[in-house]
Each structure stands twice: as structure tokens, then as C-alpha cells.
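A.B. asks: Quick one, what's the 3D model for this:
(one chain, ligands or ions: 1)
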Amino acid sequence: MGDEDWEAEIIKPHMSSYVPVFEKERYSSGANGDTFNRTPASSSEMDDGPSRRDHFMRSGFASGKSLGNRDAGESSKRENTSTMGGFGVGKSFGNRGFSNNKFEEGDSSGFWRQSSNDCEDNQTRNRGFSKRGDSEYEQDEGMQRAGGLFGSRRPTLSGAGNGDTYQSRSGSGSGRGGYKGLNEEVITGSGKNSWKSEAEGGESGDTQGPKVTYIPPPPPEDEDSIFAHYQTGINFDKYDTILVEVSGHDAPPAILTFEEANLCQTLNNNIAKAGYTKLTPVQKYSIPIILAGRDLMACAQTGSGKTAAFLLPILAHMMRDGITASRFKDLQEPECIIVAPTRELINQIYLEARKFSFGTCVRAVVIYGGTQLGHSIRQIVQGCNILCATPGRLMDIIGKEKIGLRQVKYLVLDEADRMLDMGFGPEMRKLISCPGMPSKEQRQTLMFSATFPEEIQKLAGEFLKSDYLFVAVGQVGGACRDVQQTILQVGQYSKREKLVEILRNIGDERTMVFVETKKKADFIATFLCQEKISTTSIHGDREQREREQALGDFRCGKCPVLVATSVAARGLDIENVQHVINFDLPSTIDEYVHRIGRTGRCGNTGRAISFFDPESDNHLAQPLVKVLSDAQQDVPAWLEEIAFSTYVPGFSGSARGNVFASVDTRKGKNTLNTAGFSSSQAPNPVDDESWD
Ligand SMILES: Nc1ncnc2c1ncn2[C@@H]1O[C@H](COP(=O)(O)OP(=O)(O)OP(=O)(O)O)[C@@H](O)[C@H]1O
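C.D. replies: Residues are numbered from 1 along each chain as shown. Here you go, the predicted structure:
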């Protein structure tokens, strides 16, 4: 069933019973909000096209509606949170008073770790949208009603006082993620592969399009929040048994303890405050390599501490060598630039950088799309030693001559395979050829990911010194063994029913549900809300404020279900995600590995359930069998059969062209990948139709 089919399915039969979420919130009379009237607002929204209709509307439930196998107590628990959840409660804007370009108060941003109490707090504070008028926004520079957060695309909503109402924004402008490619980021242009910097697309006003005015709330500054962390899991010590292979010449020996790294006292204090007592394998090997000044490509399983593996040695060097950037210089020249494919991920990396540099003179700054450009500039001019950036915003800022590259000593590509593929590769190449950027011989370039296809490794050579080292922790591209993987054969038409059944069994445990398109994310999220399962969603068509809100609501447990596109597949480190459900399997096995890696992190266990639709997923059967067996998971007989019957010699079936790049490609041109297929026989990567 294609997009259109399911869209039609939800719109037509239920049309008369749908009401916008926020209207339900306002007009519902009973505790369960079951009875409410149609509202005037809905009609204008309904003219806005089918996808909008989906997102603004919500069915009215009869009180006695059957909730499947869940008991009443459970359902009302869900329901309570559901009505306050990501789809449309009057929240999120109420606490935002802009004053002199500053937030008076933060909201429940998706980025900051919060206790449940914080979340409760925010729920209360946030539910005040309708109390304040639009005039508050006029105080912000460039925050015009017509073109700001509440630009012309959402007049009814903003007027109605709803903060986070579910809606689709395909094709619209301000603040949208500009989803690009499998994971993200910032294209404001029209189509895939047509990269346009934000400057071109709307933020700087070079072309038409509303101005992006969102200013993310600052993260909490107190030490407890900065060092908040979750516990390592029961399998953390099992990391020690993972095989590690280092290739390249003269690799320095691994270290076994933090003490051996010989870091300065402040760093050691910060490491202790972060709750790190023991190195993970990727840290044991990468830290000495980076300290020795070598370039590195490191591949290690999801959730195994790659971020600290590059941050700690970089910080150690910066502390040793001193830093040059000074406050309030118009042109800031950071020593380190870190890029990552999504806004949420780069912000997470920034928070890690801020944590480890706490109490030092090193200042980390984060800039990313979907936020006000002026805000990014203001952050930078206050001093910037480590610049964490998404590619689009980085290039814009460089173009505006707010960042000079002459002092760059460290260039880090997190999710490096993604940063180098056809989505971001061109931008990364532009970055390294920017005037002032030291040549690869003069800088240290570090690449990290859980997956590294061969063809991408080859592209990486352009960025790395020829003597770079390659660290492979475990099976390169392999899934984390702490994730229990289940593959269910579920046809397209049965997926929703199955999803609800699973979620009801799961109860309130945090679950990420991955779907292939943004529209479908909206659709499934709306559907789950109808089923009274408290759900929010994140995808590239949601405004940045909404994305952050959604992540915040998910993080704090207010919405225990997060429906996401691949924008959330990589890197996100969210405490207590116990389940990942692939409602739709991704088009590549690498993507699968990243998605299921949102659970089972840092030695904790997790579960991943994937719906395999034989109509559309057969190409994944072989690589899935491989991933499952490598991770010592049960392989269903039916999957093996499909894998066998779709076997094509020399072609693994993965859209990426091979199952894994299992080794350092420098080991030989004809190196076989783990599936035994030569990547040279692989087809071209598919045109990324699934990019949404
Ligand atoms: N040595 C350590 N001791 C305790 N916790 C750690 C250690 N190293 C990392 N962590 C924690 O483990 C979690 C996962 O780390 P991180 O996000 O860096 O994983 P990753 O390998 O980059 O994952 P992904 O491939 O999904 O991006 C984080 O919460 C981090 O703070």
C-alpha cells in the first residue's frame, strides 16, 4: 500500500469524526475528553490538503471504546499522558517570553536531560499558550508573526493557542528540518540532492521563504544537569570481550584505564563526575591514537561511547596546547570542528563537549539549522574553541565570515559514513576546500561511526592522511548484541493492528517506532493518539521547536512512544529506550543497525521488533540474516528461506551494495565483505527515493 492509499484510508472513512487535537483539548468535557464538538478552526485546516487533515484531526472516542487487551487502569494512564502529549496540547509556547532576545524560561526541550519532575513542571508551565498574545513574539528581533514560528502556515493554530499540535509541513518553509537524505539535514531547496544552504533557502533572506526565528532554550547550567547521566547496564563489562582490530602502521598501544591516558586533573574530574569509571573498547584504542596525533577512522557498535572517544583526547590536546579564540572577537577561529548529520545529534555532542570541558577555558558552541541564524552568530562571537555544527549551518556561518578555519586542528565527522555519502559528501568536500582550512596534512581528521561501507571508506581517503589508522571494534557494521532482535512477517495492511498490540503489551516503556516517510510518521503518530497511546513524533518536516519538544516529551517519559523517520536513527542517546519497532524496515541494513542501536546502549539491554513485509522487504532478507546471526540472534526459518530464494550471487541485496564493509578497505582491493560478496560487484547505491 503506497502513501496515497493509507492516506486515503484514514481520511475518508473517518472524516466526519475527526477533530483537531487542540480543539479536543479545549472543548473536551469529560475527564477522558471523549465528547466534543467540531470546531470552526477545523474547516479551514481541512482545506489545506489531506496530510494536514490527518494531523490536525483526531477521532472522537466513545467512552466505552475497547482498548484491546489492556486493562482499564493502563488505558487511562496512557490516555492521561496522551492528551497531554506531543500531539497537540496547549503547551510549549506558553512559557516562552522573548525578551531582549533571551528566553525568560526554558521549555521542555528535547536536548536536555530532565528528571520526571522537571517534565511535570514543564507540562504545567507549558500549558499556558492561550494566555499570552502574539505581541510577545514581536519583541524578538525578526520575530514577525507573519514569518516567524507562527508564520502564515499555521494561522489557525497559532490563533487557537496550541503549542505542539500535530501537523504536516511538507513543502513549507520556516524552521523545517529540510530533511535531506536518510538522516537529515537542512535542505531548503526543492528536492533531493539539491543541496542549498540555509542562507540560500530562507534564513538569511537571500531568497524567499519565511525567516527562521526559533531560538532554542539554553541548556541548564547547573552542574547536576551538566553531568546527568544514566547508568551503564549489566552487559557493560562484556564489552571487554569484544575483538578489536587496528590496522595501519605504527598504531600506539591501547590503554586500559583512564589514568593511562594521562589527562589533566580537570578532565579526570569531569570524567568521574560523568560516571565513567572504565573505558569502553573504542575508547581504549581511539584515545591513544588521537593523543598520538594520528588520523583515525573508527567503527564501533552503537551506544559504545564513541563520542567520548574523540572528545577526551581532543580536549586533552587543547588543554595542553592552549587555545587562541577569545571572547567577543568578530571572527572566531575554533581549534576543533565537529560535524554530524542531524540537529539533535549535534546538540547531544555539544552537551557532551560542554560536560567534558566543564571548568576549563575551552568553550564549545553548537549551531544547527532550524534556528535563528542571529542566535548562532551570537553564540559564536562569545568565543568558540569547539564548534559543533550541522553542515548547512556551518557553511552559512563560514560564508558570513563569522568563523575562520585557519586554526582548525581537529576535524571530526561523527556518523562519518553518512557525512561522506552522496547526501552530505559534497558539502564536506566544500568544507575542506574552504579558504583557510588547513590541508589534511596540517590538521587531524577523525571519523566515527557504527557502520562504514567500503565505498564510503574509499571516499574518506580524500579527508584523511594516508597513514590513518582504522579501528574496528567487533563486527564492523554489526548490530549491538545487547539488543534482542525479532523479525515478524507482517503485511502492510496488518502493521497498524500489530503495532497497537505490541505497544499495549509494552505498556509505558519507552519505545521508538521507525517509519519510512514523514507523512507516515504523522499518520502513525496520529493513529496511535487515536488509540490513546501517548505518542509524539520527530521528522524533518516538523519545525525545530516541535522536534525539540517531541524529543523532550519522549525523554522525560511524558510521551513514551516516539514515531520517527530516520532523522532519529543515528546517534541519539536517550535513556531508557527499551524498545525499537521498525514499523517499516529501512532500505539499507546500515540504517537498520543504527535504528535498533537507539536501545541497548552502554551495556543496557533492549529489544527491537521489525515488521518484515515480503512485498517490499525481500532485498533485506540476506543482510538481515547476516546481522541476526552475527549478533547471535534467532533467525526465523521463513526469513532464511526468503534470503535463500532471493540470493543473487555477487549481490548482497543491500541497497548500499554490500552487507558490511567489514574491514579496512586498504587491506586489499578485492577484500570480500562479511557476506562474502565483493563490493565491486555491488550495484550503484539506489537513488534515495526514501529520503523524505
Ligand atoms: N566509559 C564510559 N563509562 C560509562 N558510560 C559511558 C562511557 N562511555 C560512554 N558512556 C555513555 O554511553 C552512552 C553512549 O555513548 P555514545 O552516545 O557516545 O555512543 P556511540 O558509540 O556514539 O553511539 P552511536 O553509534 O549510537 O552514535 C552515553 O550515555 C555515554 O555518556
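A.B. asks: Wondering if the helix ranked longest in the chain reaches the ligand at all.
C.D. replies: The longest helix of the chain (DSSP state H) is helix 306-321. Yes: Helix 306-321 lies within reach of the ligand by CB under 6 Å from any ligand atom, at Lys306, Thr307, Ala308. Every residue, glycine included, has its C-beta placed from N, CA and C.
A.B. asks: What count of nearby residues applies to the closest residue to the second one other than its chain neighbours?
C.D. replies: The shortest distance from Thr307 to any residue other than its chain neighbours is 5.0 Å, reached at Glu352 (CB to CB, 6 or more residues apart in numbering). By the measure other CB atoms under 10 Å, the count of residues near Glu352 is 20.
A.B. asks: how about Glu352, secondary structure?
C.D. replies: The three-state assignment at Glu352 reads helix, by DSSP: H, G, I helix; E, B strand; the rest coil.
A.B. asks: ok, so what distance separates Leu351 from the ligand?
C.D. replies: Going from Leu351 to the ligand by CB to the nearest ligand atom, to the nearest Å gives 10 Å.
A.B. asks: Tell me the residues of this protein that contact the ligand?
C.D. replies: Counting by CB under 6 Å from any ligand atom, the chain comes close to the ligand at 229, 232, 275-276, 278-280, 283, 300, 302-308, 450, 571, 573, 597, 601-602.
A.B. asks: Any of those buried? List them.
C.D. replies: The neighbour-count criterion (16 or more other CB atoms under 10 Å) marks 232, 276, 279-280, 283, 300, 302-308, 450, 571, 573, 597, 601-602 among those as buried.
A.B. asks: Go through the residues you listed and flag which are in helices.
C.D. replies: Per DSSP H, the subset of these in helices is Gln283, Lys306, Thr307, Ala308.
A.B. asks: which of these lies closest to Gly557?
C.D. replies: Nearest to Gly557 among these is Thr307, at 23.4 Å by CB to CB.
A.B. asks: Just list the residues touching that closest one, thanks.
C.D. replies: Neighbour list for Thr307: Gln348, Ile349, Glu352, Asp414, Phe448, Asp573 [criterion: CB atoms under 8 Å, 6 or more residues apart in numbering].
A.B. asks: Of these, which belong to strands?
C.D. replies: The strands, defined by DSSP state E, take in Asp414, Phe448 from the contacts of Thr307.
A.B. asks: give me the number of residues near Ala479?
C.D. replies: Other residues close to Ala479 by other CB under 10 Å number 28.
A.B. asks: Distance of Tyr493 relative to Phe448?
C.D. replies: According to CB to CB, to the nearest Å, Tyr493 stands 40 Å off from Phe448.
A.B. asks: higher neighbour count, these two?
C.D. replies: It is Phe448, of Tyr493 and Phe448, that has more neighbours when counted by other CB under 10 Å, with 27 against 13.
A.B. asks: so the more buried one bridges to which residues?
C.D. replies: Note on Phe448: beta-bridge partners by DSSP bridges are Ala298, Asp414.
A.B. asks: what sits against it?
C.D. replies: 282, 286, 298-300, 306-307, 309-310, 412-416.
A.B. asks: and of those residues, the nearest to Val580?
C.D. replies: Glu415 (17.3 Å).
A.B. asks: For the closest one, give me phi and psi.
C.D. replies: Main-chain dihedrals, Glu415, degrees, to the nearest 10: phi 50, psi 50.
A.B. asks: Run a quick check on it versus Arg570, I expect a contact.
C.D. replies: Yes: here Glu415 reaches Arg570: they are 4.9 Å apart, a contact under CB atoms under 8 Å.
A.B. asks: what sits up against stretch 310-322?
C.D. replies: Residues from elsewhere that reach stretch 310-322 (CB under 8 Å, 6+ apart): 261-264, 266-267, 271, 283, 286-288, 290-291, 335-336, 338, 349, 352-353, 356-357, 360, 362, 385-386, 409-410, 412, 414, 446, 448.
A.B. asks: Buried members of those into PyMOL, please.
C.D. replies: When burial is assessed using 16+ other CB under 10 Å, the buried subset of these is captured in PyMOL by this command:
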select buried, resi 261+263+266+267+271+283+286+287+288+290+291+335+336+338+349+352+353+356+357+360+362+385+386+409+410+412+414+446+448
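A.B. asks: Helices - which of the contacts of stretch 310-322 land there?
C.D. replies: 266-267, 271, 283, 286-288, 290-291, 349, 352-353, 356.
A.B. asks: now Glu531: how far from Pro341?
C.D. replies: On the measure of CB to CB, Glu531 and Pro341 end up 32 Å apart.
A.B. asks: Same question for Ser433.
C.D. replies: Using CB to CB, Ser433 is found at 20 Å from Pro341.
A.B. asks: The two: which has the busier surroundings?
C.D. replies: Relative neighbour count places Pro341 above the other of Ser433 and Pro341, with 30 against 9, counting by other CB under 10 Å.
A.B. asks: Quick check: the more buried one touching Arg418?
C.D. replies: Yes: contact criterion CB under 8 Å: Pro341 and Arg418 qualify, at 4.7 Å.
A.B. asks: hang on, the earlier thing: name the pair among the ones in helices among the buried ones among the residues of the chain next to the ligand with the greatest separation in space.
C.D. replies: Among these, the pair separated by the greatest distance (CB to CB) is Gln283 and Thr307, at 9.8 Å.
A.B. asks: so where's this protein uncertain?
C.D. replies: 1-209, 325-328, 647-663, 667-692 (pLDDT under 70).
A.B. asks: What segments of the stretch 401-550 of the chain are strands?
C.D. replies: Listed in chain order, the strands of the stretch 401-550 of the chain (DSSP state E, counting those that start in this stretch) span residues 410-414, 444-449, 469-473, 483-489, 510-514, 535-538.
A.B. asks: Can you say which of the ones you listed is packed in most?
C.D. replies: Highest mean neighbour count of the strands of the stretch 401-550 of the chain: strand 535-538, a mean of 31 (counted as mean count of other CB atoms under 10 Å).
A.B. asks: Which neighbouring elements make contact with that strand?
C.D. replies: Helices and strands touching strand 535-538, by 3 or more CB pairs under 8 Å, 6 or more residues apart in numbering; DSSP states H and E, are helix 518-530, helix 544-555, strand 561-564.
A.B. asks: Okay, domains of the protein per the record?
C.D. replies: Domain segmentation of the chain under the TED database yields 223-473, 483-646.
A.B. asks: Pick the most deeply packed of these.
C.D. replies: Among the domains of the chain, domain 483-646 has the highest mean neighbour count (mean count of other CB under 10 Å), at a mean of 23.
A.B. asks: End to end on that domain, go ahead and measure it.
C.D. replies: Domain 483-646 has its terminal residues 26 Å apart, counting by CA to CA, to the nearest Å.
A.B. asks: Begin at 37, not 1, for the rest of this chat.
C.D. replies: Happy to do that; since the first residue is 37 now, the last one works out to domain 519-682.
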